[in-house]
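K.L.:
The sequence isn't on hand, but the structure is:
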Ligand SMILES: Nc1ncnc2c1ncn2[C@@H]1O[C@H](COP(=O)(O)OP(=O)(O)OP(=O)(O)O)[C@@H](O)[C@H]1O
Ligand SMILES: [Mg+2]
(Lines give C-alpha, C1' and ligand atoms only; values in the text may rest on other atoms or scores of the structure.)
(Ligands and ions follow the chains in the order given, each with its own letter.)
Protein backbone atom coordinates (compact mmCIF):
# COMPACT_ATOMS: atom_id res chain seq x y z
CA UNK A 1 0.00 0.00 0.00
CA UNK A 2 1.27 3.43 -0.98
CA UNK A 3 -0.08 6.55 0.70
CA UNK A 4 0.85 10.16 0.05
CA UNK A 5 -0.28 12.77 2.55
CA UNK A 6 -0.15 16.39 1.39
CA UNK A 7 3.09 15.88 -0.50
CA UNK A 8 4.74 19.00 -1.87
CA UNK A 9 7.79 19.13 -4.10
CA UNK A 10 9.36 22.32 -5.40
CA UNK A 11 12.42 23.07 -7.46
CA UNK A 12 13.46 26.56 -6.44
CA UNK A 13 10.39 28.72 -6.72
CA UNK A 14 8.56 26.31 -9.04
CA UNK A 15 6.33 23.89 -7.15
CA UNK A 16 5.67 20.78 -9.20
CA UNK A 17 3.54 18.93 -6.64
CA UNK A 18 1.27 21.14 -4.56
CA UNK A 19 -0.09 18.85 -1.87
CA UNK A 20 -0.76 15.41 -3.29
CA UNK A 21 -3.11 13.06 -1.43
CA UNK A 22 -3.07 9.64 -2.93
CA UNK A 23 -3.75 6.05 -2.04
CA UNK A 24 -2.68 3.06 -4.08
CA UNK A 25 -3.99 -0.22 -2.66
CA UNK A 26 -1.76 -3.30 -2.62
CA UNK A 27 -1.77 -5.27 -5.86
CA UNK A 28 -3.28 -2.42 -7.88
CA UNK A 29 -2.07 -1.39 -11.32
CA UNK A 30 -2.55 2.37 -11.63
CA UNK A 31 -1.56 4.81 -14.33
CA UNK A 32 -0.51 8.44 -13.95
CA UNK A 33 -1.02 10.63 -16.98
CA UNK A 34 -0.36 14.31 -17.53
CA UNK A 35 1.37 16.66 -19.92
CA UNK A 36 5.14 16.92 -20.21
CA UNK A 37 6.54 18.74 -17.19
CA UNK A 38 3.45 18.11 -15.04
CA UNK A 39 5.54 16.21 -12.47
CA UNK A 40 4.88 12.55 -13.28
CA UNK A 41 8.51 11.46 -12.98
CA UNK A 42 8.89 13.62 -9.88
CA UNK A 43 5.96 11.78 -8.29
CA UNK A 44 7.36 8.37 -9.25
CA UNK A 45 10.81 9.24 -7.95
CA UNK A 46 9.32 10.23 -4.60
CA UNK A 47 7.48 6.90 -4.29
CA UNK A 48 10.74 5.15 -5.21
CA UNK A 49 12.65 7.15 -2.56
CA UNK A 50 14.96 8.47 -5.26
CA UNK A 51 14.07 11.92 -3.97
CA UNK A 52 12.54 13.53 -0.88
CA UNK A 53 9.39 15.69 -0.62
CA UNK A 54 9.66 19.24 0.71
CA UNK A 55 6.59 18.67 2.80
CA UNK A 56 4.10 15.92 3.62
CA UNK A 57 4.52 12.21 4.19
CA UNK A 58 4.95 9.13 2.01
CA UNK A 59 3.95 5.89 3.70
CA UNK A 60 4.54 2.47 2.16
CA UNK A 61 3.20 -0.61 3.94
CA UNK A 62 2.97 1.35 7.17
CA UNK A 63 6.52 2.70 7.00
CA UNK A 64 7.10 6.40 6.52
CA UNK A 65 9.72 6.22 3.78
CA UNK A 66 9.92 10.00 3.55
CA UNK A 67 11.41 10.00 7.06
CA UNK A 68 14.05 7.38 6.24
CA UNK A 69 17.74 8.17 6.48
CA UNK A 70 19.89 7.72 3.36
CA UNK A 71 20.96 4.17 4.19
CA UNK A 72 17.36 3.06 4.84
CA UNK A 73 16.25 4.65 1.57
CA UNK A 74 18.93 2.72 -0.30
CA UNK A 75 17.73 -0.55 1.25
CA UNK A 76 14.10 0.30 0.52
CA UNK A 77 14.94 0.95 -3.15
CA UNK A 78 16.96 -2.24 -3.45
CA UNK A 79 14.54 -4.58 -1.71
CA UNK A 80 11.09 -3.23 -2.12
CA UNK A 81 11.05 -1.51 -5.49
CA UNK A 82 11.62 -2.53 -9.09
CA UNK A 83 12.15 0.24 -11.65
CA UNK A 84 11.42 0.15 -15.37
CA UNK A 85 12.55 3.19 -17.35
CA UNK A 86 11.78 4.59 -20.78
CA UNK A 87 15.44 4.22 -21.81
CA UNK A 88 15.69 0.65 -20.42
CA UNK A 89 18.90 1.58 -18.50
CA UNK A 90 20.61 -1.78 -18.99
CA UNK A 91 24.36 -2.24 -18.72
CA UNK A 92 25.27 -2.73 -22.38
CA UNK A 93 28.43 -4.81 -22.11
CA UNK A 94 27.40 -7.56 -19.73
CA UNK A 95 24.99 -10.31 -20.75
CA UNK A 96 21.22 -10.36 -20.48
CA UNK A 97 21.58 -12.96 -17.71
CA UNK A 98 23.99 -10.76 -15.75
CA UNK A 99 21.81 -7.67 -16.12
CA UNK A 100 18.85 -9.52 -14.65
CA UNK A 101 20.97 -11.06 -11.88
CA UNK A 102 22.37 -7.69 -10.77
CA UNK A 103 19.67 -6.74 -8.20
CA UNK A 104 20.19 -10.13 -6.51
CA UNK A 105 23.92 -9.47 -6.21
CA UNK A 106 23.25 -5.98 -4.80
CA UNK A 107 20.98 -7.58 -2.20
CA UNK A 108 23.56 -10.22 -1.36
CA UNK A 109 21.21 -12.98 -2.51
CA UNK A 110 22.68 -15.96 -4.32
CA UNK A 111 20.76 -17.42 -7.22
CA UNK A 112 22.23 -20.63 -8.57
CA UNK A 113 20.77 -19.74 -11.92
CA UNK A 114 17.27 -20.79 -10.97
CA UNK A 115 15.40 -17.56 -10.50
CA UNK A 116 17.19 -15.68 -13.24
CA UNK A 117 16.45 -18.45 -15.77
CA UNK A 118 12.82 -18.63 -14.66
CA UNK A 119 12.32 -14.90 -15.30
CA UNK A 120 14.24 -15.01 -18.57
CA UNK A 121 11.80 -17.71 -19.65
CA UNK A 122 8.84 -15.68 -18.42
CA UNK A 123 9.80 -12.69 -20.58
CA UNK A 124 10.55 -14.98 -23.53
CA UNK A 125 14.29 -14.43 -23.90
CA UNK A 126 15.74 -17.87 -23.19
CA UNK A 127 17.68 -17.83 -26.46
CA UNK A 128 19.22 -14.41 -25.67
CA UNK A 129 20.51 -14.88 -22.14
CA UNK A 130 24.18 -14.87 -23.17
CA UNK A 131 23.85 -11.86 -25.49
CA UNK A 132 24.76 -8.30 -24.49
CA UNK A 133 21.76 -5.91 -24.52
CA UNK A 134 23.16 -3.82 -27.37
CA UNK A 135 22.47 -6.76 -29.69
CA UNK A 136 18.78 -6.80 -28.72
CA UNK A 137 15.80 -4.95 -30.19
CA UNK A 138 14.09 -2.23 -28.14
CA UNK A 139 11.22 -4.51 -27.15
CA UNK A 140 13.64 -7.25 -26.12
CA UNK A 141 15.68 -4.78 -24.07
CA UNK A 142 12.57 -3.62 -22.26
CA UNK A 143 11.70 -7.25 -21.50
CA UNK A 144 15.16 -7.64 -19.93
CA UNK A 145 14.47 -4.50 -17.87
CA UNK A 146 11.13 -5.96 -16.72
CA UNK A 147 12.83 -9.18 -15.63
CA UNK A 148 15.50 -7.15 -13.83
CA UNK A 149 12.79 -5.11 -12.07
CA UNK A 150 11.16 -8.30 -10.77
CA UNK A 151 14.09 -10.58 -9.95
CA UNK A 152 14.32 -9.59 -6.26
CA UNK A 153 10.54 -10.00 -5.89
CA UNK A 154 9.78 -6.37 -5.01
CA UNK A 155 6.33 -5.44 -3.71
CA UNK A 156 6.21 -2.34 -5.91
CA UNK A 157 7.04 -1.85 -9.57
CA UNK A 158 7.48 1.72 -10.82
CA UNK A 159 7.42 2.15 -14.58
CA UNK A 160 8.19 5.56 -16.13
CA UNK A 161 7.06 5.62 -19.77
CA UNK A 162 8.03 1.94 -20.22
CA UNK A 163 6.74 1.96 -23.79
CA UNK A 164 8.02 5.45 -24.65
CA UNK A 165 10.81 4.18 -26.91
CA UNK A 166 8.85 1.37 -28.52
CA UNK A 167 6.59 1.22 -31.54
CA UNK A 168 2.91 0.79 -30.85
CA UNK A 169 2.71 -2.96 -31.28
CA UNK A 170 5.84 -3.68 -29.26
CA UNK A 171 4.60 -1.28 -26.60
CA UNK A 172 1.30 -3.15 -26.33
CA UNK A 173 3.16 -6.45 -25.99
CA UNK A 174 5.37 -5.01 -23.24
CA UNK A 175 2.29 -3.70 -21.42
CA UNK A 176 0.55 -7.07 -21.68
CA UNK A 177 3.62 -8.62 -20.09
CA UNK A 178 3.75 -6.06 -17.26
CA UNK A 179 0.01 -6.39 -16.59
CA UNK A 180 -0.01 -10.19 -16.58
CA UNK A 181 3.02 -10.45 -14.30
CA UNK A 182 1.59 -7.80 -11.97
CA UNK A 183 -1.66 -9.75 -11.71
CA UNK A 184 -0.07 -13.17 -11.23
CA UNK A 185 2.58 -12.03 -8.77
CA UNK A 186 0.35 -9.50 -6.98
CA UNK A 187 2.65 -6.55 -7.52
CA UNK A 188 1.59 -2.97 -6.94
CA UNK A 189 2.38 -1.19 -10.18
CA UNK A 190 2.53 2.56 -10.80
CA UNK A 191 2.77 3.29 -14.48
CA UNK A 192 3.53 6.71 -15.93
CA UNK A 193 2.50 7.28 -19.52
CA UNK A 194 1.41 9.83 -22.11
CA UNK A 195 -0.42 7.21 -24.11
CA UNK A 196 -4.11 6.45 -23.43
CA UNK A 197 -3.67 3.05 -25.13
CA UNK A 198 -1.05 2.20 -22.49
CA UNK A 199 -3.09 3.65 -19.60
CA UNK A 200 -5.94 1.32 -20.55
CA UNK A 201 -3.97 -1.54 -19.02
CA UNK A 202 -4.40 0.09 -15.61
CA UNK A 203 -7.39 -0.44 -13.34
CA UNK A 204 -7.41 3.23 -12.38
CA UNK A 205 -5.97 6.25 -14.14
CA UNK A 206 -5.00 9.50 -12.44
CA UNK A 207 -4.16 12.79 -14.06
CA UNK A 208 -1.51 15.12 -12.77
CA UNK A 209 -2.33 18.74 -13.51
CA UNK A 210 -1.28 22.02 -11.94
CA UNK A 211 0.43 20.20 -9.09
CA UNK A 212 -2.64 18.16 -8.15
CA UNK A 213 -3.64 14.59 -8.85
CA UNK A 214 -7.13 13.99 -10.22
CA UNK A 215 -8.87 10.63 -10.63
N1 LIG B 1 16.16 18.06 -10.56
C2 LIG B 1 15.40 19.06 -11.02
N3 LIG B 1 15.79 20.34 -10.86
C4 LIG B 1 15.02 21.35 -11.29
N5 LIG B 1 13.82 21.20 -11.88
C6 LIG B 1 13.40 19.95 -12.07
C7 LIG B 1 14.15 18.82 -11.64
N8 LIG B 1 13.46 17.70 -11.97
C9 LIG B 1 12.34 18.12 -12.56
N10 LIG B 1 12.28 19.48 -12.64
C11 LIG B 1 11.18 20.28 -13.19
O12 LIG B 1 9.98 19.83 -12.63
C13 LIG B 1 8.94 19.78 -13.61
C14 LIG B 1 8.35 18.38 -13.65
O15 LIG B 1 9.31 17.48 -14.14
P16 LIG B 1 9.00 15.95 -14.35
O17 LIG B 1 10.23 15.33 -14.90
O18 LIG B 1 8.45 15.37 -13.11
O19 LIG B 1 7.84 16.01 -15.46
P20 LIG B 1 7.14 14.85 -16.25
O21 LIG B 1 5.68 14.99 -16.03
O22 LIG B 1 7.76 13.54 -15.91
O23 LIG B 1 7.47 15.24 -17.77
P24 LIG B 1 7.75 14.29 -19.05
O25 LIG B 1 6.41 13.78 -19.49
O26 LIG B 1 8.33 15.24 -20.05
O27 LIG B 1 8.69 13.21 -18.64
C28 LIG B 1 9.59 20.24 -14.91
O29 LIG B 1 9.26 21.59 -15.11
C30 LIG B 1 11.06 20.05 -14.67
O31 LIG B 1 11.80 20.98 -15.40
MG1 LIG C 1 8.89 12.16 -16.98
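P.N.:
In hand now; what should we look at? On a predicted model such as this, the values are computed, not experimentally measured, just so you know. Ligands and ions are numbered 1, 2, ... in the order given.
K.L.:
interface residues of this structure facing ligand 1?
P.N.:
By Cβ under 6 Å from any ligand atom, the residues of the chain that approach ligand 1 are 11, 16, 34, 36-42. For glycine as for every other residue, the C-beta is placed from the backbone atoms N, C-alpha and C.
K.L.:
tell me what the longest helix along the chain is packed against?
P.N.:
For the chain, the helix with the greatest residue count under DSSP state H is helix 168-185. On a contact count with 3 or more Cβ pairs under 8 Å, 6 or more residues apart in numbering; DSSP states H and E, helix 168-185 meets strand 29-33, helix 138-150, strand 156-160, strand 188-192, helix 196-199.
K.L.:
Neighbouring strands - and their directions - for the third one?
P.N.:
Strand pairing for strand 156-160, using DSSP bridges, gives strand 81-85 (parallel), strand 188-192 (parallel).
K.L.:
neighbours around the nearest residue to residue 76 once chain neighbours are set aside, how many?
P.N.:
Distance criterion Cβ to Cβ, 6 or more residues apart in numbering; nearest residue to residue 76, sequence neighbours excluded, is residue 49 at 5.2 Å. Neighbour count of residue 49, defined by other Cβ atoms under 10 Å: 21.
K.L.:
repeat for residue 32
P.N.:
Counted by other Cβ under 10 Å, the residues lying close to residue 32 total 26.
K.L.:
now swap in residue 89 and tell me
P.N.:
13.
K.L.:
Within the helices and strands, which one has it?
P.N.:
Under DSSP states H and E, no helix or strand contains residue 89.
K.L.:
Helix, strand, or coil at the nearest residue to residue 77 once chain neighbours are set aside?
P.N.:
Nearest residue to residue 77, sequence neighbours excluded (Cβ to Cβ, 6+ apart): residue 49, at 5.5 Å. What DSSP: H, G, I helix; E, B strand; the rest coil gives for residue 49 is coil.
K.L.:
any idea how far residue 49 is from ligand 1?
P.N.:
15 Å (Cβ to the nearest ligand atom, to the nearest Å).
K.L.:
Tell me the pLDDT of that residue.
P.N.:
Predicted confidence (pLDDT) at residue 49: the value is 97.
K.L.:
so who does the residue most central in space within the chain touch?
P.N.:
The geometric centre of the chain, computed from its C-alpha atoms, lies nearest to residue 158 (Cα atoms, centre = their mean), at 1.8 Å. Neighbouring residues of residue 158 by Cβ atoms under 8 Å, 6 or more residues apart in numbering: 44, 47-48, 81-84, 189-190.
K.L.:
let's see it at 6 Å
P.N.:
44, 48, 83, 190 (Cβ atoms under 6 Å, 6 or more residues apart in numbering).
K.L.:
One more: residue 206?
P.N.:
Going by Cβ under 6 Å, 6+ apart, residue 206 touches 32, 213, 215.
K.L.:
Can you tell me who the second one pairs with across the strands?
P.N.:
Taking DSSP bridges, one finds residue 208 as the beta-bridge partners of residue 213.
K.L.:
pLDDT weak spots in this structure?
P.N.:
Per-residue confidence for the chain (pLDDT under 70) gives these ranges: 112.
K.L.:
winner for burial among the strands paired with strand 156-160?
P.N.:
Of the strands paired with strand 156-160, the one with the most neighbours on average (mean count of other Cβ atoms under 10 Å) is strand 188-192, at a mean of 25.
K.L.:
now what about it, what contacts it?
P.N.:
The list of residues contacting strand 188-192 from outside it, by Cβ under 6 Å, 6+ apart, reads 26-32, 40, 44, 156-161, 182, 202.
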